[in-house]
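**Student:** Coordinates for the following, if possible.
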Amino acid sequence: MSQKELLHRYRVPSAVQRTETEVKRSRFITTIQATPSRELSREFIKQVQHEFADANHNCWACVIGSPGSTLEAGMSDDGEPRGSAGKPMLTALLHADVGDISVVVSRYFGGIRLGKGGMARAYTDAVLNGLAQLETCEKIDYRTLLITLDYSLLEQVQTLYSVYEIEVLRHQYADNVQIHLQLPCEHMKAFCAHITELSHSRIIIKQQES
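**Tutor:** Next up is the predicted model:
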């Protein structure tokens, strides 16, 4: 995905997910959580590192934003040979079709060396196993609008609510009607064009802070 092609609606983890795999007696404990910012990702990583402070390694990767975005992606091998943990973990996340996600894989060494290629496969499999069991929900980027219109146009505008997935926050009735509403970002341009044409530019539209 191009860094410019950011989605406004995508899947994110809906709960903390923990799974465990074993490779040649080494234990790989995978913890996944939704992290919509780098700050929250850092807090999550520190929390898992503290929980598994006795692990030999706590390697991590994160994708902040829409699935496949590398704008705020990050990774760490945490002492494993360079490129054997963080990079394969991040690659798995980038192809997972899930956004705002961080993963920590805590490794307890089992006494048998895996080699760099074996470690890359083990860390990849640890993340893929967690992703296979991950519960997700839809994240929607909303925009908030204030529209001002004549009473004569109210019913026509209301018929558009379901078309554009609009949620009305509140109405204000005076000489005219003011409607505070929110709608998915991807619908905003089409909705504004629709009501402008519908009213012959008599509806006043102001974007509000979300």
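**Student:** Identify, by residue count, the longest helix of this protein.
**Tutor:** Ranked by residue count, the top helix of the chain under DSSP state H comes out as helix 115-132.
**Student:** Give me the contact list for that one.
**Tutor:** Residues external to helix 115-132 that are found in contact with it (C-beta atoms under 8 Å, 6 or more residues apart in numbering): 17-19, 21, 23-24, 26, 28, 30-32, 59, 61, 80-81, 83-85, 87-89, 91-93, 96, 98, 103, 105, 114. Any C-beta I mention is one placed from the backbone N, CA and C, and that applies to glycine too.
**Student:** PyMOL command for the buried members of the residues you listed?
**Tutor:** This is how PyMOL selects the buried members of the contacts of helix 115-132, with burial counted by 16 or more other C-beta atoms under 10 Å:
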select buried, resi 17+19+21+23+26+28+30+31+32+59+61+80+84+85+87+88+89+91+92+93+96+98+103+105+114
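**Student:** Run through the helices of this structure in chain order.
**Tutor:** Under the criterion DSSP H, the chain carries helices at the ranges 38-51, 86-94, 115-132, 151-158, 185-198.
**Student:** So which of those is nearest residue 178?
**Tutor:** Counting by C-beta to C-beta, residue 178 lies closest to helix 151-158 out of these; the figure is 10.9 Å.
**Student:** where does the protein have low pLDDT?
**Tutor:** For the chain, applying pLDDT under 70 flags the ranges 1-6, 210.
**Student:** where's the residue sitting furthest away from the middle of it relative to residue 112, distance?
**Tutor:** Largest separation from the mean C-alpha position in the chain: residue 175, at 42.3 Å (C-alpha atoms, centre = their mean). Counting by C-beta to C-beta, to the nearest Å, the gap between residue 175 and residue 112 amounts to 79 Å.
**Student:** repeat for residue 119
**Tutor:** With distances taken as C-beta to C-beta, residue 119 is found 11 Å from residue 112.
**Student:** of these two, who's got more company?
**Tutor:** More neighbours surround residue 119 than the other of residue 119 and residue 112, with 24 against 10 (other C-beta atoms under 10 Å).
**Student:** Show me how the record splits the protein into domains.
**Tutor:** Following automatic domain parsing, one finds the domains of the chain at 9-138, 141-208.
**Student:** what distance separates the last one from the middle of the whole chain?
**Tutor:** Relative to the centre of its chain, domain 141-208 is centred 28 Å away, using C-alpha atoms, centre = their mean, to the nearest Å.
**Student:** Ok, stretch 96-115 next?
**Tutor:** Stretch 96-115 has its C-alpha centroid displaced from the chain centroid by 20 Å (C-alpha atoms, centre = their mean).
**Student:** same thing with stretch 63-73?
**Tutor:** Between the centre of stretch 63-73 and the centre of its chain there are 8 Å (C-alpha atoms, centre = their mean).
**Student:** what's the most buried one of the domains of the chain?
**Tutor:** Counting by mean count of other C-beta atoms under 10 Å, domain 9-138 has the highest mean neighbour count of the domains of the chain, with a mean of 18.
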